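[1] sequence first, predicted model second:
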Amino acid sequence: MGTPTLEVPVRSEVSPPSVSSDPNSIFQLSERARGDSLGWAGPLILLVGRSVLIIAAQAITACFVWLHSHDWSWNDAAKWWTVYGTLVDIGCLWLMAACTRREGIRLRDLIGRAHLRWGRDLLLGAAFFVLVFPFFILGAASATRIVYGAGQLPSFAGLADARVLPVWAVIYSFSVWWLLWSPTEEMTYRGYAFPRFEVLCRNRAVAIGVVSFWWSLQHVFLPFILDWKLVLWRFLAFLPGVVFLLLPSLKIRRLAPFVFAHWPMDILAVFMTLKL
């Protein structure tokens, strides 16, 4: 009879699949940050770049308006924001594709898994919409009192109910714009920028503050009206809702529920701003 041998279990150096399998998880991002594939450049470019792209798209639209009417008007271009917004999305998707490729992951990895069985993510998105949308309403009311006092929010082309667009542009706004805008916006700030600033800043509160600031500021530029009171009002109006909508990302890393919550907000924005 041979001598019995004692088998010593070898500790696996591979992290649990639940931690390491998601290419956009904090664990995987931390690993890439320790290497050379993830730095500050990509998150900063995307965070600031979306607002820059919005202004650039409005400038391009203003040039088209001038070529058509031979009368330069920045505010006339503003009313087309649900049309030229798609140019912004294309630019953001291209930038994110380049940044994710450098990290060795796919653009699709920013979205995560969708749980559609029994409408789970749809119901979760509806819950987020119901819980967070009041903060946008309260933010707008509070911003109006802070900036305009007892006065009324002025009406500008591109805002309120002042937009008049041709039929094809109205159809485009209700069918294409929001369908692409919401997921691209969520991918930019929640899917790409936020988890990377979490890792790079090593502080969740700082990451929430930085991303919330730029996410709120983006709404100042869509469309961009050259009026400092309106700029301040729009920033303050969106800030509370953006912060409260970003907080669940501390627990839920998948984008599907947030896209489902974002879609009705953007559809409402089209309804509220177009003169039908």
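    Here it is on my side, so go on.

[2] skip the chain neighbours and tell me the closest residue to the residue nearest the centre of the chain.
    Central residue of the chain (C-alpha atoms, centre = their mean): residue 185, 2.8 Å from the mean position. Using C-beta to C-beta, 6 or more residues apart in numbering and skipping residues adjacent in sequence, the residue nearest residue 185 is residue 262, 6.9 Å away. Backbone N, C-alpha and C define where each C-beta goes, glycine included.

[3] what count of nearby residues applies to the residue lying closest to residue 154 once chain neighbours are set aside?
    Distances taken as C-beta to C-beta, 6+ apart place residue 230 nearest to residue 154, at 7.2 Å, with adjacent residues excluded. Per other C-beta atoms under 10 Å, the neighbour tally for residue 230 reads 18.

[4] I figured residue 230 hits residue 144, correct?
    No: judged on C-beta atoms under 8 Å, residue 230 makes no contact with residue 144 at a distance of 11.0 Å.

[5] what about the stretch 101-250 of the chain, any weak spots by pLDDT?
    Scanning the stretch 101-250 of the chain for pLDDT under 70 picks out 151, 156-161.

[6] now the helices for the chain?
    17-20, 26-34, 41-69, 74-78, 81-103, 120-148, 167-172, 178-186, 194-201, 204-218, 228-246, 256-273 (DSSP state H).

[7] quick one: contacts for residue 39?
    33, 200 (C-beta atoms under 8 Å, 6 or more residues apart in numbering).

[8] and it, what pLDDT?
    On pLDDT, residue 39 comes in at 92.

[9] distance check, it against residue 196.
    Residue 39 sits 9 Å away from residue 196, going by C-beta to C-beta, to the nearest Å.

[10] what about residue 65, distance to residue 147?
    Taken as C-beta to C-beta, the span from residue 65 to residue 147 is 29 Å.

[11] out of the helices of the chain, which comes closest to residue 114?
    For residue 114, the closest of the helices of the chain is helix 256-273, at 3.9 Å, according to C-beta to C-beta.

[12] give the buried residues for the closest one.
    256-267, 269-270, 273 (16 or more other C-beta atoms under 10 Å).

[13] run the chain-centre distance for it.
    Centre-to-centre, helix 256-273 and its host chain are 12 Å apart (C-alpha atoms, centre = their mean, to the nearest Å).

[14] and the angle for it with helix 178-186?
    Relative orientation of helix 256-273 and helix 178-186, computed by axes from the mean of the first three to the mean of the last three C-alpha atoms, to 10 degrees: 120 degrees.

[15] neighbouring contacts of helix 256-273?
    With contact meaning C-beta under 8 Å, 6+ apart, helix 256-273 is reached by 82, 111-116, 121-122, 124-126, 128-129, 132-133, 136, 158-163, 173-174, 177-179, 181-183, 185-186, 190, 245, 248-249, 252.

[16] do stretch 86-101 as well
    42, 45-46, 49-50, 53-54, 57, 60, 106-107, 109-110, 176-177, 180-181, 184, 187-188, 192, 222.

[17] what about burial for those residues, which qualify?
    42, 45-46, 49-50, 53-54, 57, 107, 109-110, 177, 180-181, 184, 187-188, 192, 222.

[18] who wins for proximity to residue 154 among the helices of the chain?
    helix 228-246 (7.2 Å).

[19] which parts of that closest one are buried?
    Residues of helix 228-246 classed as buried by neighbour count (16+ other C-beta under 10 Å): 230-231, 233-246.

[20] next one: that helix to chain centre, how far?
    14 Å.
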